[in-house]
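Colleague: Below are the sequence and a predicted model for it; my questions follow.
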Amino acid sequence: RGDNAHVLATDTQKNTIYAFAKEYGITSPEEFLLALGRHFVGTVPWAAGGRWEAEHFGWERIQVQGQGHDHSFVRTGQEVRTAAVTIEDGAEHVLGGLKDLVVLKSTGSEFHGFPRDKYTTLPETTDRILATSVTVRWRFAPGAAADYDASYAAVKALLLGTFAQTHSLSLQQSIFAIGRRILQERPELAEIRFVMPNKHHYPVDLGPCGLENNNEVFTAGDRPYGLMTPAVTRAGQAEAPAAWQWLAGFC
């Protein structure tokens, strides 16, 4: 009917975010989103819950003659940090995460033993480049006492270390190894979900040029590729579908 009595203006929402950033500061994105969510649910009578998301970009001071400049900065970081908070039916769900973390193994990766039929053209290999762009989110266990910044640093380090150290027989196997290692090392986490494409690289045929290519020159593939979207969940943890609902790529 066009009754706006229960429409919280986006102007109000954005100004609240700016004011919170000024008055309370921003420590971790997860804590900032929790503060916003609790504010809106606690002060807007008709709001039963909601979803708040953030992206965190790294910056560092530009070095001039060995000193950090006082007011000039350059974007830094290998990835974009993400966070999401959902409040529904009185329960709070907190997700940490990252995206656009591109990793590559130049060897130590195989893929063979898969079913073949008349439509299969992919050759089996015991030595290939394994590359992917990591998008991942992890859910904190309800009531877990978490240092969100420390968790983020630890999860990223475990992710990279396990990717590097795992002799991969498939990207799926590597992803499971990463998820299992993170849950083993980080008791504050209940589950972890991934969105990771296979970024294929193919040896270039240099025969027409009279040259032999001993796995030295590759081209990045642009043909259709596999997109892995697995989840690894701690045994005994209750599912929390509300935490993931409507979250693009993860729901």
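Modeller: Now that the structure is in, tell me what you want to look at.
Colleague: is it true that T12 lies in a helix?
Modeller: Yes - assessed with DSSP: H, G, I helix; E, B strand; the rest coil, T12 lies in a helix.
Colleague: ok now the lowest-mean-pLDDT helix or strand in the chain, how far from the chain's centre?
Modeller: Ranking every helix and strand in the chain by mean pLDDT, DSSP states H and E puts strand 201-203 at the bottom, with a mean of 90. With C-alpha atoms, centre = their mean, to the nearest Å as the basis, strand 201-203 stands 26 Å off its chain's centre.
Colleague: again, but for stretch 213-232
Modeller: 19 Å.
Colleague: So which bits of that stretch are buried?
Modeller: In terms of neighbour count (16 or more other C-beta atoms under 10 Å), stretch 213-232 has its buried residues at 218, 228, 232. C-beta here means a position set from N, CA and C on the backbone, and glycine is covered the same way.
Colleague: How much space separates the second one from Y152?
Modeller: Counting by C-beta to C-beta, to the nearest Å, the gap between M228 and Y152 amounts to 22 Å.
Colleague: before we move on, back to that, quick one: list the elements packing against the least confident helix or strand of the chain.
Modeller: strand 218-220 (3 or more C-beta pairs under 8 Å, 6 or more residues apart in numbering; DSSP states H and E).
Colleague: neighbouring contacts of the strand it packs on?
Modeller: The contact list for strand 218-220, computed with C-beta atoms under 8 Å, 6 or more residues apart in numbering, reads 129, 199-204.
Colleague: swap in stretch 167-184?
Modeller: Contact with stretch 167-184 is made by 105, 108-112, 130, 132, 138, 155, 158-159, 162-163, 166, 189, 191-192, 194, 196, 198, 226, 228, 230-232, 234, as judged by C-beta under 8 Å, 6+ apart.
Colleague: 6 Å instead, please
Modeller: Residues outside stretch 167-184 that contact it (C-beta atoms under 6 Å, 6 or more residues apart in numbering): 108-111, 130, 155, 158-159, 162, 166, 189, 192, 194, 198, 228, 230, 232, 234.
Colleague: Just the buried subset of those, please.
Modeller: In those, the ones that pass as buried (16+ other C-beta under 10 Å) are 109-111, 130, 155, 158-159, 162, 166, 189, 192, 194, 198, 228, 232, 234.
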